[in-house]
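Engineer: Below are the sequence and a predicted model; questions follow.
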Amino acid sequence: MIFKQAVIAWVFSVCFVAPAFAQSAAPQTTSPLVDHAILGESGLPSLDWFTEASSDLRDDIKGATAKGKLFALVWEQAGCYYCKQMHEVNFGIDEITDFVRSHFELVQMDMHGGRVLTDLKGEVGRETDLARRNRVTGTPTIQFLVADGREVFRMPGYAKPAVFLAAFQYVKEGGYRTLSFRAWVKAEIKRRAKS
């Protein structure tokens with residue numbers, strides 16, 4: 001089970017293996033994207049089950065809430081090695097993909113993109129302006145948002161699959177209401193060991 005792998009990650013304090021400021025200068029590999037990810041017109045790897053952003057992110061979050069799902073913005077940029085890893089490795093694992101698809105709607109955002117969108121505060125701007133306003137300084141960055149548009153957790157940088165899945169579980173189970181991510185994972189490890 002993937003969650004058990006999180007124990008190893010926490011023991012060695014390896015929560016995020018890539019720096020939060022992973023940029024396109026990172027080494028590239030020649031391996032092709034796995035068959036479930038496609039390269040979009042923007043140059044970003046994408047998945048067909050990602051939610052297409054409307055011109056108003058407030059409508060997107062309302063749509064996710066109406067479906068009983070949580071909402072997250074996935075910030076990426078063309079040429080980002082760790083974004084590609086997220087698609088190829090993390091979203092290539094059925095347990096992760098099934099969990100995320102069941103409980104979340106993900107909207108892919110381009111940190112340097114020119115799409116004009118209305119953000120969750122009603123301000124209109126290009127994606128790159130929204131990235132700046134949201135203090136997105138590296139990719140991938142995932143912002144987890146609740147129905148009122150408030151950010152409840154942020155995953156900056158690439159995380160190995162066990163930690164990646166644990167972050168989505170943390171938000172889904174509302175762990176952010178009472179515990180830090182690290183404290184929640186430790187509590188979950190203890191709870192599951194007793195089961």
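Structural biologist: Okay, I see it.

Engineer: what's the spacing between the closest residue to Val116 other than its chain neighbours and Arg191?
Structural biologist: The shortest distance from Val116 to any non-neighbouring residue, by Cβ to Cβ, 6 or more residues apart in numbering, is to Arg126 (5.8 Å). Where C-beta positions appear, they are placed from N, C-alpha and C, glycine not excepted. From Arg126 across to Arg191, the span is 44 Å (Cβ to Cβ, to the nearest Å).

Engineer: and the two? which has more neighbours close in?
Structural biologist: A direct count of neighbours by other Cβ atoms under 10 Å for Arg126 and Arg191 places Arg126 higher, at 15 against 9.

Engineer: residues contacting that one?
Structural biologist: Residues in contact with Arg126, defined by Cβ atoms under 8 Å, 6 or more residues apart in numbering, are 113-117.

Engineer: hmm, what's the outermost residue in the protein?
Structural biologist: The C-alpha centroid of the chain is most remote from Lys194, which lies 29.8 Å away (Cα atoms, centre = their mean).

Engineer: phi, psi of that one?
Structural biologist: Here is the backbone geometry of Lys194 (degrees, to the nearest 10): phi -80, psi -20.

Engineer: Show the pLDDT at it.
Structural biologist: Looking at Lys194, its pLDDT is 86.

Engineer: With adjacent residues omitted, what lies nearest to the most centrally placed residue in the chain?
Structural biologist: Nearest residue to the geometric centre of the chain (Cα atoms, centre = their mean): Ile142, 3.4 Å. Sequence neighbours aside, Met155 is the residue nearest to Ile142 in space, at 4.4 Å (criterion: Cβ to Cβ, 6+ apart).

Engineer: Neighbouring strands - and their directions - for the host helix or strand of the one you found?
Structural biologist: Assigned by DSSP states H and E, Met155 belongs to strand 151-156. Strand pairing for strand 151-156, determined by DSSP bridges: strand 141-145 (antiparallel).

Engineer: returning to what we had before: let me know the angle separating the helix or strand following the strand holding Met155 from strand 151-156.
Structural biologist: Where DSSP H and E defines the elements, the next helix or strand beyond strand 151-156 is helix 161-172. Counting by axes from the mean of the first three to the mean of the last three Cα atoms, to 10 degrees, helix 161-172 lies at 170 degrees to strand 151-156.

Engineer: Roughly how far does Trp184 sit from Ala167?
Structural biologist: According to Cβ to Cβ, Trp184 stands 10 Å off from Ala167.

Engineer: Looking at these two, which is more packed in?
Structural biologist: Legend: neighbour count by other Cβ under 10 Å for Trp184 and Ala167, higher for Ala167 (24 against 21).

Engineer: quick one, what contacts the closest residue to the more buried one other than its chain neighbours?
Structural biologist: Among residues not flanking Ala167 along the chain, Met155 sits closest, at 5.0 Å (Cβ to Cβ, 6+ apart). Going by Cβ under 8 Å, 6+ apart, Met155 touches 16, 140-142, 144, 164, 167.
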